[in-house]
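In: here is a sequence together with a model predicted from it:
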Amino acid sequence: MRDSMKEVQMLLRARCECIWINTYEEADAIRDLREIIQKEHKNMKFFVWSNTEGLKSFPVTKGEKVEPPNAKLREIPALFASIRANFDGTSEDQSSTGAIYVLRDLHNLMSDPRTRRCIRDIKEYQNNKYIPIVVIAPVAEVHEEISRLFKVVDYELPNRALIRNLVTVHNNRMIDAVQKKNKTEYKPFADKDLDVIVNACIGLTIKEIDALLFQSIIKYKTFNLDYILADKIEAVKKSGMLDYRQPSVTLDSIGGHAVLKDYLLEVKEQFTPEAREFGLEMPKGILMLGIAGCGKVLTFKY
């Protein structure tokens, strides 16, 4: 379970009525939410909705019957009529102990005033049971009319530990191919070298990393760092918010500045996992001042 879901766990304990989880990793967020329900809210029904499938129940306990989606509840008025029936206790097929509703991509329907009105009708006037609404969407676009009803949680991208586990799984497959199937064309990495690949994958989703590593193995029979970085750059550029450039200079390209170069080499070590384990803080940045042409931009490119 991602660390950010601990905040969701706390909000559910505090009986927060509306939670907005901001993420591209919808399936992973739903899986983590289901884990929370299994641990702390076993008596609650767990429903997931989209305006393409309708409403479907997710099993919380083992042996629970999995039912097909109810396509009649694809439209917003029908969906919230069903939720309201659960609040009122007039629904025959839903638990009397409450339910949690996960609404996928609701941001696409926020422009419809019926969406906002339905949420307000339920969450501002009806409180017979605790039936939270959890929106999972790739953007946190909560309309201002209902923004105060929601707590927004950013579902963080996978951390170094999660990425390393995934990289290790792919690396072990290459090791097995060499040792058990005598496929010597595969070139697995030594454990001490895996962090180079882990660092290259930081900032991508689990599915992106999994696909990228698999593609690299198929194409190059190993983890090709240049291929992974190139794909990561494309993923970053697609957001339209950031640019990503690989360094095109070395310290030898910079004339003079011996003290600055020594400092940069020392700071570089603070980004390593060993530095984190030792307790060193991540460097915050550097401010360079000087006349035009003294090497500030060139140093920045390094």
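Out: Okay, I see it.
In: residue 66 contacts residue 59, doesn't it?
Out: Yes: in this structure, residue 66 is within contact of residue 59 by C-beta atoms under 8 Å, at 5.6 Å. In this view, the C-beta of every residue, glycine as well, is placed from N, C-alpha and C.
In: which of these two has more residues huddled nearby?
Out: Using other C-beta atoms under 10 Å as the criterion, residue 66 and residue 59 rank with residue 59 on top: 13 against 8.
In: list phi and psi for the more buried one.
Out: Torsion angles at residue 59 (phi, psi; degrees, to the nearest 10) stand at phi -70, psi 140.
In: for it, report the pLDDT, please.
Out: The predicted local distance difference test score for residue 59 is 80.
In: check the gap between it and residue 48 for me.
Out: Separation of residue 59 from residue 48 (C-beta to C-beta, to the nearest Å) stands at 11 Å.
In: ok, residue 197 next?
Out: From residue 197 to residue 48 the distance is 34 Å (C-beta to C-beta).
In: mind checking which of the two has more residues around it?
Out: Per other C-beta under 10 Å, whichever of residue 197 and residue 48 has more neighbours is residue 197, with 25 against 22.
In: do you know how far that one is from residue 33?
Out: Distance from residue 197 to residue 33, by C-beta to C-beta: 30 Å.
In: wait, is residue 101 part of a helix?
Out: No: under the criterion used here (DSSP: H, G, I helix; E, B strand; the rest coil), residue 101 is strand, not part of a helix.
In: extract the C-alpha trace of the helix or strand hosting residue 171 and format it as CSV.
Out: Per DSSP states H and E, residue 171 falls inside helix 160-181. Provided in CSV are the C-alpha atoms of helix 160-181 (Å, rounded to 0.1, in the frame of the first residue of the first chain):
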residue,chain,number,x,y,z
ARG,A,160,12.5,3.5,-4.8
ALA,A,161,11.7,0.3,-2.9
LEU,A,162,8.7,-0.5,-5.1
ILE,A,163,10.7,0.1,-8.2
ARG,A,164,13.7,-1.9,-7.0
ASN,A,165,11.4,-4.9,-6.3
LEU,A,166,10.0,-4.7,-9.9
VAL,A,167,13.5,-4.3,-11.4
THR,A,168,14.7,-7.3,-9.4
VAL,A,169,11.8,-9.4,-10.7
HIS,A,170,12.7,-8.7,-14.3
ASN,A,171,16.4,-9.2,-13.6
ASN,A,172,15.7,-12.6,-11.9
ARG,A,173,13.9,-13.7,-15.1
MET,A,174,17.0,-12.9,-17.1
ILE,A,175,19.1,-14.8,-14.6
ASP,A,176,16.8,-17.8,-14.9
ALA,A,177,16.9,-17.7,-18.7
VAL,A,178,20.7,-17.9,-18.6
GLN,A,179,21.0,-20.5,-15.9
LYS,A,180,18.1,-22.8,-16.6
LYS,A,181,17.5,-22.3,-20.3
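In: for that helix, what is the distance to the chain centroid?
Out: Centroid displacement of helix 160-181 relative to its chain, using C-alpha atoms, centre = their mean, to the nearest Å, is 22 Å.
In: ok, which stretches of the stretch 51-200 of the chain are helices?
Out: Per DSSP state H, counting those that start in this stretch, the stretch 51-200 of the chain carries helices over the ranges 76-88, 113-125, 160-181, 194-201.
In: any chance of TSV for the ones you listed, columns distance to residue 297?
Out: What follows is the helices of the stretch 51-200 of the chain, written out as TSV (distance: least, C-beta to C-beta, whole Å):
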stretch	distance to residue 297
helix 76-88	52
helix 113-125	49
helix 160-181	31
helix 194-201	25
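In: among those, which comes closest to residue 44?
Out: helix 76-88 (10.7 Å; C-beta to C-beta).
In: what's that closest one packed up against?
Out: Applying 3 or more C-beta pairs under 8 Å, 6 or more residues apart in numbering; DSSP states H and E, we find helix 76-88 packed against strand 99-104, helix 113-125.
In: returning to what we had before: pull out the buried residues from the helix holding residue 171.
Out: By neighbour count with 16 or more other C-beta atoms under 10 Å, helix 160-181 contains the buried residues 162, 163, 164, 166, 167, 168, 170, 171, 174, 177.
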